[in-house]
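**Q** for reference, the sequence and a predicted model appear below.
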Amino acid sequence: MGRAFRPKTTSFMQVTHLSLSNYRNYGRLELSLPPGAILFHGENAQGKTNLLEALYYLATTRSPHASQDSQMIAWNVSQLPEPVIVARLIAHIATNKGSRQLEMRLIKETKGFNQTSFRREALVNNRKVRLMDVLGQLQVVMFLPEDVNLITGSPSKRRRHMNIMLCQIDPLYCRTLSQYNKTLDQRNATLRQFAEGNGDPGVLAIFSERLVELGSLIYARRATFFSEIGRETKRYHYEELTGGRESLRIGYLPRLQADQNVADRATAVSLAEWLDENKTDLESIRQRFGEALKASSAAEKARGTTSIGPHRDDWNFWIDGRFLGDFGSRGQQRSAILATKLAEIEWMKNITGETPILLLDEVLAELDQRRRDLLLKAVHGTDQAMLTATDPGMFSTSFLSQATSMIVSGGQIQKG
């Protein structure tokens, strides 16, 4: 599953038009988008963030803000007593490999008395496809002020970020992850039967074997990802952000050992080093994962849940050998996230040959001048970047003269 990190001929990627219907505070929006930097500015709660969310959702099928997809349907419309309510997000995408139309439909239906259901539909070039087939059609890197919380937040948030990045460029990884999660649910259901005293060893063996097969592929791909992204992150942080004063390492923390303590980072680092050395040797990974799963079998039967595997993985940062989540300042944490985002752009460009679209939501106000200059340098290096701000005065005259400026007010957009 690993893929070499090597430069390819870079092609352009650009959203030429965005259409929104019944989405957030946009009843109807038809917006042509030029290449280069686009600055959306205006007061708070006018719809700036919603524009970036729409593009991120079209690219990843996930919202960076909503816990439920149904929350993105316009509030005033979702309260109407209509049998079917549909929100639409449509992007026209141009590359030098061709153009395509990407569409997501959020559908709320009334069924019976006070009963509603929700579903999503995805279309590429007006043809319905699986949600998984949307991934990779539009590639984005998004930077939010709260991204710094990836460092101090829960492992589940870091896993989600990692999976979204990989799924955008690696369909095989995404299919494997989906199959792994389904098998994990089946294995956990079987383990719960053991906890209740009536489990079937044969059924557990089948699900365990399948989990090892799928999980080993995930381990290998994640090890490759962190090897590749780590080099770029370290370079940006060392060369551009700290002038060689600090060394940053981004580290994979896999759960691949029976009775492995979540807080035992030393063991996880050792396992990551082993995975990095063996990431192309799937048979060795299968053997190690299978042995670990077998060794934890008795405890898992008692608990009724699978305790090791990629679903319990984590990752984080170290600066000069110290764990950033525990010892880093807020400024160091911002630098680490900024370096990672810039590395993600380079990584996606080198893997796919297309520069991802950069989405920056009110992030410049959080950065000092050095970090701000580096980020705007990255903006100029992309084919298209979209930024939001309440105050365009934080941008230099030089930047504003090169960017397309748009005013957002009450779900309406005009150039200005």
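**A** Alright, I've got the coordinates. Nothing here was measured: the structure is a model prediction, and the numbers come from that model.

**Q** chain neighbours aside, what residue packs nearest to Leu144?
**A** Nearest residue to Leu144 in three dimensions, chain neighbours excluded: Asp361, at 5.2 Å (Cβ to Cβ, 6 or more residues apart in numbering). Every residue, glycine included, has its C-beta placed from N, CA and C.

**Q** can you name the residues bridging to that neighbour?
**A** Beta-bridge pairing of Asp361 under DSSP bridges involves Thr388.

**Q** counting neighbours, what do you get for it?
**A** 23 (other Cβ atoms under 10 Å).

**Q** which residues of this structure score low on pLDDT?
**A** Residues of the chain meeting the criterion pLDDT under 70: 1-10, 112.

**Q** could you point out the longest helix in it?
**A** Counting residues, the longest helix found in the chain (DSSP state H) is helix 201-235.

**Q** after it, which helix or strand is next?
**A** Per DSSP states H and E, the first helix or strand lying C-terminal to helix 201-235 is strand 248-253.

**Q** show me what the helix or strand following that following strand is packed up against.
**A** With elements assigned by DSSP H and E, the helix or strand that comes after strand 248-253 is helix 265-278. Secondary structure elements in contact with helix 265-278, counted by 3 or more Cβ pairs under 8 Å, 6 or more residues apart in numbering; DSSP states H and E, are helix 201-235, strand 248-253, helix 282-295.

**Q** count the neighbours of Asn181 for me.
**A** Neighbours of Asn181 (other Cβ under 10 Å): 13.

**Q** how about it, what does it touch?
**A** Shown in contact with Asn181 (Cβ atoms under 8 Å, 6 or more residues apart in numbering): His311.

**Q** which positions within the strand or helix carrying it qualify as buried?
**A** Using DSSP H and E, Asn181 maps to helix 171-195. Buried positions in helix 171-195, judged by neighbour count with 16 or more other Cβ atoms under 10 Å: 173-177, 179-180, 183-184, 186-188, 190-191, 193-194.

**Q** ditto for stretch 71-83
**A** Met72, Ile73, Ala74, Val77, Ser78.

**Q** name the residues that touch it?
**A** 22-27, 53, 57, 63, 66, 70, 85, 87, 106, 108-110.

**Q** filter these down to the buried ones and hand me the PyMOL line.
**A** Selection of the buried residues among the contacts of stretch 71-83 in PyMOL, burial being defined by 16+ other Cβ under 10 Å:
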select buried, resi 22+23+24+25+26+53+57+70+85+87+106+108
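
**Q** returning to that earlier point: so how far is the helix holding Asn181 from its chain's centroid?
**A** Mean-position distance between helix 171-195 and its chain equals 21 Å (Cα atoms, centre = their mean, to the nearest Å).

**Q** before we move on, what about stretch 37-57?
**A** The answer for stretch 37-57 is 18 Å, by Cα atoms, centre = their mean.

**Q** what does stretch 295-312 give?
**A** 27 Å.

**Q** what sits closest to Asp265 if chain neighbours are left out?
**A** Wrong residue type there; residue 265 is Arg, not Asp. What sits nearest to Arg265 in space, not counting adjacent residues and going by Cβ to Cβ, 6+ apart, is Leu253, at 6.4 Å.

**Q** wait, what's in contact with the one you found?
**A** Taking Cβ under 8 Å, 6+ apart as the criterion, Leu253 is in contact with Arg265, Ala268, Val269, Ala272, Asp313, Asp314, Trp315, Asn316.

**Q** let's go with 10 Å and repeat that
**A** 155, 158, 226, 260, 262, 264-265, 267-269, 271-272, 312-316 (Cβ atoms under 10 Å, 6 or more residues apart in numbering).

**Q** Arg105 too?
**A** Ser21, Val86, Ala87, Arg88, Leu89, Ile90, Arg119, Arg120, Glu121, Ala122, Leu123, Lys128.

**Q** in strands, which of those residues appear?
**A** Ser21, Val86, Ala87, Arg88, Leu89, Ile90, Arg119, Arg120, Glu121, Ala122, Leu123, Lys128 (DSSP state E).

**Q** these, buried ones only, as a ChimeraX selection?
**A** Selecting only the buried entries of these in ChimeraX, with 16+ other Cβ under 10 Å as the criterion:
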select :21,87,88,89,90,122,123
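
**Q** same list (the ones in strands among the contacts of Arg105) but as CSV, adding distance to Thr306.
**A** As requested, these are exported to CSV (distance: Cβ to Cβ, whole Å):
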residue, distance to Thr306
Ser21, 42
Val86, 38
Ala87, 36
Arg88, 39
Leu89, 36
Ile90, 40
Arg119, 29
Arg120, 28
Glu121, 32
Ala122, 30
Leu123, 36
Lys128, 34
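
**Q** of the ones in strands among the contacts of Arg105, closest to Ser216?
**A** Of all the ones in strands among the contacts of Arg105, the one sitting nearest Ser216 is Ala122; the distance, using Cβ to Cβ, is 29.3 Å.

**Q** re the thing from before, and the buried residues of stretch 71-83, which of them are in helices?
**A** Short answer: those in helices (DSSP H) are Val77, Ser78.

**Q** ok, which pair from the buried residues of stretch 71-83 is furthest apart?
**A** The span of the buried residues of stretch 71-83, defined through Cβ to Cβ, is set by Met72 and Val77 at 11.2 Å.

**Q** ok, back up a step: which one of the ones in strands among the contacts of Arg105 is nearest Met142?
**A** Looking across those and measuring by Cβ to Cβ, the closest to Met142 is Leu89, at 15.4 Å.

**Q** bridge partners for that closest one, pull those for me.
**A** As for beta bridges, Leu89 partners with Leu20, Met104 under DSSP bridges.

**Q** just checking, it touches Leu18?
**A** Yes: using Cβ atoms under 10 Å, Leu89 is in contact with Leu18, at 7.9 Å.

**Q** overlap in contacts, these two.
**A** Listed as contacting both Leu89 and Leu18 by Cβ under 10 Å, 6+ apart are Tyr26, Leu29, Ala54, Leu55, Leu58.

**Q** helices - which of those residues land there?
**A** Ala54, Leu55, Leu58.

**Q** most neighbours of all these, which one?
**A** Ala54 (25 neighbours).

**Q** residues in contact with it?
**A** Contacts of Ala54 (Cβ under 10 Å, 6+ apart): 18-20, 23-24, 26, 29, 47, 63, 72, 87, 89-91, 104.

**Q** so which of those comes closest to Arg221?
**A** Among these, and counting by Cβ to Cβ, the member closest to Arg221 is Ser63, at 24.5 Å.
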